[in-house]
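**Student:** Sequence first, then the predicted structure, then my questions.
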Amino acid sequence: MKLIYAIVRYDNEDEVVSALTKQHFSITKLNTTGGFLRKGNTTLMIVTEDEHVQECIDIIKKECGKRQKITINMPYISGAAMMNYATMPTTVEVGGATIFVTNVEHFEKI
C-alpha cells in the first residue's frame with residue numbers, strides 16, 4: 001500500500017477531489033497554506049494499492065494544470081504595506097501539484 005500526499009491549490013481542490021472520488025479513491029483533506037504566494041492550499045492524503053498509484057497521480061495532473069497568473073507583490077516594512085513605492089506586476093506559474101508517495105507499513109480502516 002502507498003500513501004499519497006498531494007498538495008494542490010485551493011482553486012483546484014473541488015475538481016481534484018471530485019475526479020478522485022469518481023474513481024473510488026478515499027481522500028482526507030487538510031487545509032494548508034503555501035509559503036511563496038501565501039495562498040491557500042489543500043493537502044490530500046490518499047491511501048491506495050500500489051497498482052493504482054499512477055492512476056491517482058494522472059488524475060491529479062489532469063485536474064491541476066499549470067497556468068500563468070499576474071500578481072503584484074507589495075513591499076512590506078514591519079507588516080505594513082508601503083503605498084508610495086511603485087511595484088511591477090510579476091508573472092508567476094500557478095496550479096500544478098506537489099506529490100509525495102510513501103510506503104504504508106500498516107493500514108486499517110475501522
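**Tutor:** Great, that's in hand.

**Student:** how about the strands of this structure, start to end?
**Tutor:** Counting by DSSP state E, the chain has these strands, from start to end: 2-9, 27-33, 40-48, 67-71, 76-77, 80-81, 90-94, 97-103.

**Student:** how about CSV for those, with distance to residue 20 added?
**Tutor:** Glycine gets a C-beta too; all of them are placed from N, C-alpha and C. Shown next, in CSV, are these (distance: least, Cβ to Cβ, whole Å):
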stretch, distance to residue 20
strand 2-9, 9
strand 27-33, 6
strand 40-48, 7
strand 67-71, 21
strand 76-77, 37
strand 80-81, 38
strand 90-94, 21
strand 97-103, 12
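
**Student:** Need those in JSON lines (columns: distance to residue 54, mean pLDDT and mean neighbour count).
**Tutor:** Below are these laid out as JSON lines (distance: least, Cβ to Cβ, whole Å; pLDDT from 0 to 100; neighbours: other Cβ atoms under 10 Å):
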{"stretch": "strand 2-9", "distance to residue 54": "10", "mean pLDDT": "94", "mean neighbour count": "19"}
{"stretch": "strand 27-33", "distance to residue 54": "17", "mean pLDDT": "91", "mean neighbour count": "12"}
{"stretch": "strand 40-48", "distance to residue 54": "10", "mean pLDDT": "92", "mean neighbour count": "18"}
{"stretch": "strand 67-71", "distance to residue 54": "24", "mean pLDDT": "64", "mean neighbour count": "10"}
{"stretch": "strand 76-77", "distance to residue 54": "42", "mean pLDDT": "58", "mean neighbour count": "8"}
{"stretch": "strand 80-81", "distance to residue 54": "45", "mean pLDDT": "55", "mean neighbour count": "10"}
{"stretch": "strand 90-94", "distance to residue 54": "24", "mean pLDDT": "65", "mean neighbour count": "11"}
{"stretch": "strand 97-103", "distance to residue 54": "10", "mean pLDDT": "95", "mean neighbour count": "14"}
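
**Student:** Quick check: which of these is nearest to residue 61?
**Tutor:** Taking Cβ to Cβ as the criterion, residue 61 comes closest to strand 97-103 out of those, the separation being 7.3 Å.

**Student:** Contacts for that closest one next, please.
**Tutor:** For strand 97-103, contacts defined as Cβ atoms under 8 Å, 6 or more residues apart in numbering pick out 1-9, 12, 16, 53, 57, 60-61, 64.
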